[in-house]
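Participant: sequence and predicted structure are below.
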Amino acid sequence: DDYLVRGMVKGVLTDMGYTVVGEGTTGLDTLELVRSKQPDVAIVDIRMPEMDGIEAARCIQEQCPTPVVVLTAYETPELLKLASDAGVGAYLVKPPNAPDMERAITIAIARFADMQELRRLNNDLQARNEELDTFAQTVAHGLQNPLAIIAGLSEILSKHSDDMPAKEIKECAKDIERSVRTMSRTTRQLLLLAKARKTAVRTEPLDMASIVTEAQRRISNMIDDHKAEISLPTSWPVAMGYGPWIEEVWVNYLSNAIKHSGKPPQIELGSSVESEGDICFWIRDNGNSI
């Protein structure tokens with residue numbers, strides 16, 4: 001807000017070859033100028049009317065992220081910490097000279113790039129963890145039903161097998177076997193989840209025909225029990241992905257389609273290439289898309 005100081009800073013920057021695209025006299029002015037002009041760097045005084053430089057820097061990082069250099073008449077550890085927490089990349093002590101100005105601008109730009117990359121990585125990590133947590137809850141929920149079936153049928157066989165017809169005993173054993181297979185699939189999903197949390201998942205071109213074949217093999221008993229009819233395309237487009245996860249998706253979708261479809265289930269698998277080049281894989285249950 002000091003005309004002389006502002007003119008001095010502008011003169012130093014101009015002599016160094018920089019272009020000053022705007023000048024503000026208050027913190028609010030500064031914020032609005034950064035939003036409208038989108039400069040490469042904002043140099044902000046600490047003490048300004050309406051909004052001080054620290055708060056202005058914080059608002060800049062929240063609303064229009066930009067490298068910020070603060071200008072101050074004095075420096076203290078407390079002030080530097082406040083500035084750093086607000087997203088300030090570097091500071092200058094008045095009166096600034098060209099070498100100090102160049103150093104501060106260079107540091108601010110470099111630190112801003114690091115902060116942006118860190119913010120991106122944190123956002124990616126948060127999104128990934130949220131997806132994995134949701135997946136974990138779904139898989140854990142999938143264990144409850146087969147466990148309840150196994151526990152109930154085992155209790156029935158333990159207490160009443162002597163009085164039960166052989167056919168009923170066989171049916172109970174068959175239901176227990178189905179539940180065990182379901183738990184086996186769920187355990188496999190959990191192992192995939194544990195692996196995903198520890199290692200980076202690398203996508204690669206998918207052999208979708210082999211993936212779908214393996215998914216069908218894993219639920220072959222369910223397919224036979226329901227006499228499901230599954231139609232496959234003669235060829236699949238090549239898409240990028242992580243094979244084990246895609247296989248789990250097919251197993252899940254196919255299982256649900258078989259359980260909730262008509263009798264016998266008539267299921268068709270296929271794909272289509274979207275206008276922007278994305279590939280859509282689909283499954284139809286008796287003509288209805290899932």
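Facilitator: Here it is on my side, so go on.
Participant: residue closest to the middle of this structure?
Facilitator: Nearest to the mean C-alpha position of the chain, by Cα atoms, centre = their mean, lies Ala127 at 2.8 Å.
Participant: helix, strand or coil for that one?
Facilitator: helix (DSSP: H, G, I helix; E, B strand; the rest coil).
Participant: got the confidence number for it?
Facilitator: In this model, Ala127 is scored at 80, pLDDT.
Participant: how close does it sit to Glu62?
Facilitator: 20 Å (Cβ to Cβ, to the nearest Å). (C-beta placed from N, C-alpha, C; glycine too.)
Participant: over to Pro95?
Facilitator: Distance, Pro95 to Glu62, by Cβ to Cβ: 30 Å.
Participant: for Asp15, same thing?
Facilitator: Per Cβ to Cβ, Asp15 is found 33 Å from Glu62.
Participant: try Leu121
Facilitator: 19 Å.
Participant: picking that back up, identify the residues contacting the residue nearest to the centre of the chain.
Facilitator: Counting by Cβ atoms under 8 Å, 6 or more residues apart in numbering, Ala127 touches no other residue.
Participant: so which helix or strand takes in Pro237?
Facilitator: Pro237 is part of no helix or strand when elements are defined by DSSP states H and E.
Participant: what's near enough to touch it?
Facilitator: With the criterion set at Cβ under 8 Å, 6+ apart, Pro237 makes contact with 208, 271, 273, 279.
Participant: do the same with Ala86
Facilitator: With Cβ under 8 Å, 6+ apart, Ala86 has these contacts: 54-55, 57-58, 61.
Participant: swap in Leu143?
Facilitator: Residues near Leu143 by Cβ under 8 Å, 6+ apart: 183, 186.
Participant: wasn't it part of a helix?
Facilitator: Yes: judged by three-state DSSP, Leu143 forms part of a helix.
Participant: per-residue confidence for it?
Facilitator: Reading off the model, Leu143 has pLDDT 78.
Participant: distance check, it against Val180.
Facilitator: For Leu143, the distance to Val180 - Cβ to Cβ - is 12 Å.
Participant: pretty sure Leu80 contacts Tyr91?
Facilitator: Yes: using Cβ atoms under 8 Å, Leu80 is in contact with Tyr91, at 6.8 Å.
Participant: the two: which is more packed in?
Facilitator: Tyr91 (22 against 14; other Cβ atoms under 10 Å).
Participant: three-state assignment of the more buried one?
Facilitator: Three-state call for Tyr91 (three-state DSSP): strand.
Participant: let me know the pLDDT of it.
Facilitator: 83.
Participant: which residues does it contact?
Facilitator: 69-72, 75, 80, 83, 104.
Participant: adding secondary structure, pLDDT and distance to Gly11, write these out as a markdown table.
Facilitator: Listed next are the contacts of Tyr91 as a markdown table, based on DSSP: H, G, I helix; E, B strand; the rest coil; pLDDT from 0 to 100; distance: Cβ to Cβ, whole Å:
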| residue | secondary structure | pLDDT | distance to Gly11 |
| --- | --- | --- | --- |
| Val69 | strand | 91 | 16 |
| Val70 | strand | 88 | 19 |
| Leu71 | strand | 86 | 14 |
| Thr72 | strand | 83 | 19 |
| Glu75 | coil | 72 | 23 |
| Leu80 | helix | 77 | 26 |
| Ala83 | helix | 80 | 24 |
| Ala104 | helix | 90 | 16 |
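Participant: which among these gets closest to Leu28?
Facilitator: Nearest to Leu28 among those, counting by Cβ to Cβ, is Val70 at 16.5 Å.
Participant: how close does the residue nearest to the centre of the chain get to Ser210?
Facilitator: In terms of Cβ to Cβ, Ala127 sits 29 Å off from Ser210.
Participant: with Leu118 instead?
Facilitator: Taken as Cβ to Cβ, the span from Leu118 to Ser210 is 39 Å.
Participant: ok, Ala56 next?
Facilitator: For Ala56 relative to Ser210 (Cβ to Cβ), the value is 58 Å.
Participant: quick one, which of these two is more surrounded?
Facilitator: Counting neighbours by other Cβ under 10 Å for Ala56 and for Ser210 shows that Ala56 has the greater number, 28 against 12.
Participant: which ones are touching that one?
Facilitator: So Ala56 contacts 27-28, 30-31, 44, 48 (Cβ under 8 Å, 6+ apart).
Participant: tell me the pLDDT of it.
Facilitator: Looking at Ala56, its pLDDT reads 88.
Participant: quick check: closest non-adjacent residue to it.
Facilitator: Gly27 (4.0 Å; Cβ to Cβ, 6 or more residues apart in numbering).
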